[in-house]
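[1] build me a model:
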Amino acid sequence: MFFLSSPKNKLPISRYQMYMRIFSALDLPLHGKILGISGLKYFRGSPNYTPPREIIAKDAEITEADYPDISVLQLPYADNSFDVIIADQVLEHVEGNPQQAIDEIYRVLKHGGIAIVATVFMYPRHWGPKDLWRFSPDGLRYLCRNFSEIMQCEGWGNRFYHALGMFHKKIRDWKVPDRRWGVTRWLATKNENDWPAAVWLVGRK
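    Numbering: from 1, shown residues only. Sure thing, here's the model as predicted:
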């Protein structure tokens, strides 16, 4: 299919609009002490993905907290330790109370620090190793109600993405090309508030 082909290092359709919106809310690149909870590849890059711009500064001090070695329910860090915390596609897999997970993120975040929490709402069951929770933007906002400022709390999705996903399970992995036209880019950027697939929040402590 002509609209499926694009280089491996492009953003997948399921994350494209979410990351574009998150990046737009931040003063980039991110500096200071950064905690990445279970994966930072879309923020710092990986062998199969190059961010569209520098998201994390080269002089940033990065700490990675990967499950199962470290649980977001009990982070082994002192209060007010990090300038930025990124929990990307973590909350739906928390085997415990999601509020406790958010409270731990809040606890170890410095005053004035930024938390980026991304998760899912209408999304297929997936490995993590367990898939336990789904959150609407309102639900995510409620969990983060103690933050002093909600800089961004949104969702992305549309009925066409979901309908195609019923027939093609891997639709969420389609890569979005750089060109400004085409079916894949249209599908990746069209948003209907009643049909969120991905949800996210950027909050300041």
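[2] sheet partners, orientation included, of the strand of greatest length in the chain?
    Longest strand in the chain by number of residues (criterion: DSSP state E): strand 109-120. In the sheet, strand 109-120 lines up against strand 82-88 (parallel), strand 198-204 (antiparallel) (DSSP bridges).
[3] kindly format the C-alpha coordinates of that strand as PDB.
    Presented in PDB, the C-alpha positions along strand 109-120 are these (Å, rounded to 0.1, in the frame of the first residue of the first chain):
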ATOM      1  CA  LEU A 109      10.000  15.900  41.000                       C
ATOM      2  CA  LYS A 110      11.600  19.200  42.000                       C
ATOM      3  CA  HIS A 111       9.400  22.200  42.800                       C
ATOM      4  CA  GLY A 112       8.900  23.900  39.400                       C
ATOM      5  CA  GLY A 113       9.900  20.700  37.600                       C
ATOM      6  CA  ILE A 114       8.100  19.200  34.600                       C
ATOM      7  CA  ALA A 115       6.300  15.800  34.400                       C
ATOM      8  CA  ILE A 116       5.400  14.300  31.100                       C
ATOM      9  CA  VAL A 117       2.900  11.400  31.500                       C
ATOM     10  CA  ALA A 118       1.700   9.600  28.300                       C
ATOM     11  CA  THR A 119      -0.700   6.600  28.300                       C
ATOM     12  CA  VAL A 120      -3.600   5.200  26.300                       C
END
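[4] now it: mean pLDDT?
    What strand 109-120 shows for mean pLDDT is 97.
[5] kindly report the same for stretch 192-204.
    96.
[6] which parts of that stretch are buried?
    Trp195, Pro196, Ala197, Ala198, Val199, Trp200, Leu201, Val202, Gly203 (16 or more other C-beta atoms under 10 Å). Any C-beta I mention is one placed from the backbone N, CA and C, and that applies to glycine too.
[7] kindly report the same for stretch 68-81.
    Quick answer for stretch 68-81 (16+ other C-beta under 10 Å): Ile70, Ser71, Val72, Leu75, Tyr77, Ser81.
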